[in-house]
Structure formats: C-alpha cells, structure tokens
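> Provided below are the primary sequence and the corresponding predicted coordinates.
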Amino acid sequence: MSGPESATETPEPRDLGLMAQPTYCNLGEVRAGLLPSKACRPRTPGSLSSDSQPPPLPKKTLTRTKSLPTRGVPGARPAQPRRPLLASHSVDGCQGETGPDGPAAELTSGHDADGEDAATALGLRLHGPHGPEALHAALAARELQGLRAIHARLGARLTGGLPGPCGAGHSFRLLELAPCAESGDALYYRVVRAGDDAWHVLAAKVPKPGAGAEAPHAWGLELQACLPPHYNVQGLCGLLSEGALPGAPWPGRVLLAAEVPERTVAQWLAELRERRPEELAWAAAITLLQLSAALELLEARGAAVSELRPENLLLATPRGCAAAGPPRLLLADFGRVRPSPAGLPGAHAPQLGRLLLALLGPDRAPASALAAGLRRLAARLPRARPPAAGTRGALQALLWGPGPGLRARGAALGTWLRVRRALLLVQLAERAAGGAAPGLEEWLCCGYLASATEASLAQALELLWADPE
C-alpha cells in the first residue's frame, strides 16, 4: 500500500485511458497519519504507524451505471445526444421505449431517430406504405397551417379594439378645433366617445361644401352603412346629432368613422418623393394592393367607384404597429360608388392602371425591378381588364415573388410556394427572437402565401409577363 503522497498524486493524461480498474487505499491509515500522535503510542518519523501494515482490502469489481461519465473507459458507448422535444413525445419517453439495446439498434440498422420522431409528430411512420414523399407533404401542410395561424393572430391584433356602434348612453367631446385630415370630399375631426367605462377616439366626417362639386350618390352611402367590416374600407359607427358637441365647427349632423385618418395617399407619396424616393415604388405597390382588396368587396356587391383619386384615399396608422411601417389604406369616398355596369369585366382595371402611373410619378428610367414591373402592370391593366382580385395577385407577385425568371424556366410553382412558405416562417422566427414585432407588411405577405395556389400564381405571372397582344 502506497503512502498518502502517492495516493493523491494526479495521474498523467496519457494514463487516463488505461485505468480500467479504480485504485484503492486504506482510508483509516491515511486518517491515522493526519491525527496528532499520542504519548502512549510512540511514532516513528517517516512512517504512518508503528503497527504493522493492515491487510489490503479485497478487490472489488464496480459496475458503472449510465449516469456516470464514460469518457476514457475502453469499450464504453458514447452518451447519446439529447434530442429536442417534438410535439408530445419527450426524449426520456422515446429512450425508455427503445429498451437497453434500442439506440445501438438504431445505429446499426441505419434509421434516423430524429426523422422517426419528426414523422411520429406529424402522424406518419417512415416504414410501410409511407415514405419521404409523405413526410414532405406533411411538413408542407404543417407549414401552411402555421402561416394561417400567424395570419389570423396578426389580423386579430391589427383589427382588434373596434369601437362598435354608438348608443344612447355615449357622450362626446371634441379634441381639436382644427381638422386632423382633409381629403378631396371631407374634413375629419377627432372626437372622443365615452361610455360604459371605456372611451374611443373617433373621426367626425364633415362633407366639404364646394361650388360645382359632384353631389354624393345616395346609393353608395347606403351601401357603406351596410357593408361588413373590412380592413381597407372605412367603417361607420353612427351619426353625431346636431348640438351634441357645442361649439363644433360644422353645422348639422355628421357621420362618425371608426378609424381616424392622418393624411391622404397624395400627401404621403409627396413626402416620400422628397425624403425617400427609393421607397416610392414599394409605397405605390403596398397602397394599390390594399386598394385592390377593398375594391374586391365592392365588386362582390355589384358596385364600382366612378373615380379613384389619390386625394380621396385615406391613410391611418395600423393598430399595434410601429409608425415606421406602411400605413393602412381606407377607401372612404362612397359618394362616388355606383352600381357596376352589367357585363363589364374588370370595371376598376383601367382606373387602377391610371392611378398606378399617377402614384409612380413622371415616366423616367426605372430605378428598380419593382418599378419596372409596376409600369408594365399599369400598361397591361386597361387591355387585360382583370378583376380586382387579379390585380391584387399581380401586385403580390411583384412584391414577394415569383419573378419572371421562374415562368421563363418553366419551374414548378408548387415547389417555389413550399420553399417560400418555409423561408417566411424562418424570417418571422428570427425577427421575433430579435424582439421585432411583425407589422402590416408581414400580415399581408402571410395572407398571400397562405392563400396562394399554383393556379393563382400562374394567373398572376400570365397577367404580368405574357407577351403583349
């Protein structure tokens, strides 16, 4: 038996792999050497005890468990890496079901344990009639389901908090004497409505008196009052009776709108031309995209706007979004809404083409591929006369793809759509991890990819890039 110096000596690194059996020492002997000597027991310097050496302990064989480290032990199996949780299947549960030889059997048989867990989480098995194709289809379905869920949650945040209709128990107060926004047909004032322990900021819509101005069409105003809520259509809360606001700078009754506008499309684009001209094409595409969504609702009701003008299209800050993002468009000029002519397809297409050119400004060399695509679309709309849904699909393709190169190569649109959905989910996850909240543009893109099909993509590419007649 060695002394305490040799017992506590650290072995060299090269000997770690050769220590198949642990080294023992007599702990009682070491303890006796550390205690002070007694007078009745003479001690010899240099020795631990004057007694004879105790017999060595019998050699024992230790059985290592899986909870102890096995590095450096010959013949030991390396520890299995911990896999992340997939759905309701935990790592411990999976390892417990495989048995003592389960992991080794997985390695020797060539099966991917992570792939098995992923397939099980998707309700599939890689054995039997199901194969990689079924797994890919299940992954694509899960990605589509995730995009739809994100789109629904963002929509609930962007459209939430609506004030609802006005009632008899509500009181009103005017915030400013000056209008907050002025369009071509109305002035808007901010009004606070209080009642039921809650208050909302509404907009009083005061028609602008003007000599020679076109009288609003009663049919369109009645249609606005009965339309279902739509993100890009001005919603009405009721009428503010005369005398409800003493000192109000308007006579008679006025309409109350749920969203408070801040400016018009004409004002916004004028600011972009001065400060950020490189964003002009993007702003025009986002604006026309939202307008097309509003016009779809009118076309479904057999209605059409007789004249679309930038000064009559309102913009408001989206709820729950940063002010730096794109604004929310509101179609508000229902005095120019009339029944759509029967048998005339694409009643809004020529107007949308002229409006798009007006938004882009004077014709000059395109600064970007998006600007060139928008000008091409503006030239195509009067000839092709697609419905508002077709125009919206073309604008979505210009903003988020696919581009003309995919159509020229004849690539599969379904494959592009699946890859694009997966990339969007990754981008949303990265932004969420960085603390950035998704906004209006992300919501619009989610809605596009969640509802797009191969047929709709093909129609958009045909409208955009077909050879001119």
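Perfect, thanks for sending it.

> how about low-confidence regions in the protein?
Residues of the chain that meet the criterion pLDDT under 70 lie in 1-130, 210-214, 363-366, 408-411, 468-469.

> tell me the domain ranges of it?
The chain resolves into domains spanning 171-257, 263-412 when parsed by automatic domain parsing.

> those helices in the stretch 251-400 of the chain, which residues are they?
265-275, 280-300, 349-360, 369-384, 388-400 (DSSP state H, counting those that start in this stretch).

> and the last one, what other elements does it pack with?
Packing contacts for helix 388-400, counted by 3 or more C-beta pairs under 8 Å, 6 or more residues apart in numbering; DSSP states H and E, involve helix 280-300, helix 349-360, helix 369-384, helix 440-451, helix 454-465. Every C-beta, even on glycine, is put in place using the N, C-alpha and C of the backbone.

> quick one: that helix to helix 454-465, angle?
On the basis of axes from the mean of the first three to the mean of the last three C-alpha atoms, to 10 degrees, helix 388-400 is oriented at 80 degrees to helix 454-465.

> which parts of helix 388-400 are buried?
388, 390-400 (16 or more other C-beta atoms under 10 Å).

> Let me have the helices and strands packed on helix 388-400 in CSV, extended by mean neighbour count.
Shown next, in CSV, are the helices and strands packed on helix 388-400 (neighbours: other C-beta atoms under 10 Å):
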stretch, mean neighbour count
helix 280-300, 22
helix 349-360, 19
helix 369-384, 18
helix 440-451, 20
helix 454-465, 17
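
> can you list the domains of the chain in TSV and add distance to residue 440?
As requested, those are exported to TSV (distance: least, C-beta to C-beta, whole Å):
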stretch	distance to residue 440
domain 171-257	9
domain 263-412	5
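
> Please work out which of those is packed deepest.
domain 263-412 (a mean of 18; mean count of other C-beta atoms under 10 Å).

> Need the contact partners of stretch 399-419.
140, 143, 282, 285-286, 289, 369-370, 397, 420, 445, 448-449, 452-454, 457-458, 461, 464-465 (C-beta atoms under 8 Å, 6 or more residues apart in numbering).

> got the end-to-end distance for it?
16 Å (C-alpha to C-alpha, to the nearest Å).

> Please apply the same query to stretch 340-349.
Start-to-end, stretch 340-349 (C-alpha to C-alpha) is 13 Å.

> So which residues make contact with it?
295, 298-299, 302-305, 308, 381-382, 384-388, 390-391.

> still on that earlier bit, how about TSV for the buried residues of helix 388-400, with distance to residue 133 added?
Output for the buried residues of helix 388-400, formatted as TSV (distance: C-beta to C-beta, whole Å):
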residue	distance to residue 133
388	38
390	33
391	36
392	33
393	29
394	32
395	34
396	29
397	28
398	33
399	32
400	27
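
> so which of these comes closest to residue 255?
residue 388 (25.1 Å; C-beta to C-beta).

> what's the angle from the longest helix seen in the chain to helix 440-451?
Identified as the longest helix of the chain according to DSSP state H is helix 132-159. If you take the same axes, to 10 degrees, helix 132-159 sits at 140 degrees to helix 440-451.

> Could you tell me which residues within helix 132-159 count as buried?
134-135, 138-140, 143-144, 146-147, 150-151, 154, 157-159.

> Please tell me how far residue 187 sits from residue 135.
Going from residue 187 to residue 135 by C-beta to C-beta, to the nearest Å gives 60 Å.

> quick revisit: and the helices of the stretch 251-400 of the chain as JSON lines, adding distance to residue 426?
Converted to JSON lines, the helices of the stretch 251-400 of the chain look like this (distance: least, C-beta to C-beta, whole Å):
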{"stretch": "helix 265-275", "distance to residue 426": "30"}
{"stretch": "helix 280-300", "distance to residue 426": "22"}
{"stretch": "helix 349-360", "distance to residue 426": "32"}
{"stretch": "helix 369-384", "distance to residue 426": "23"}
{"stretch": "helix 388-400", "distance to residue 426": "15"}
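
> Of those helices, which is nearest residue 217?
That would be helix 280-300 among the helices of the stretch 251-400 of the chain, by C-beta to C-beta, at 13.0 Å.

> name the helices or strands packed onto that closest one?
helix 265-275, strand 303-305, strand 328-331, helix 349-360, helix 369-384, helix 388-400, helix 440-451.

> Thanks again, I'm all set now.
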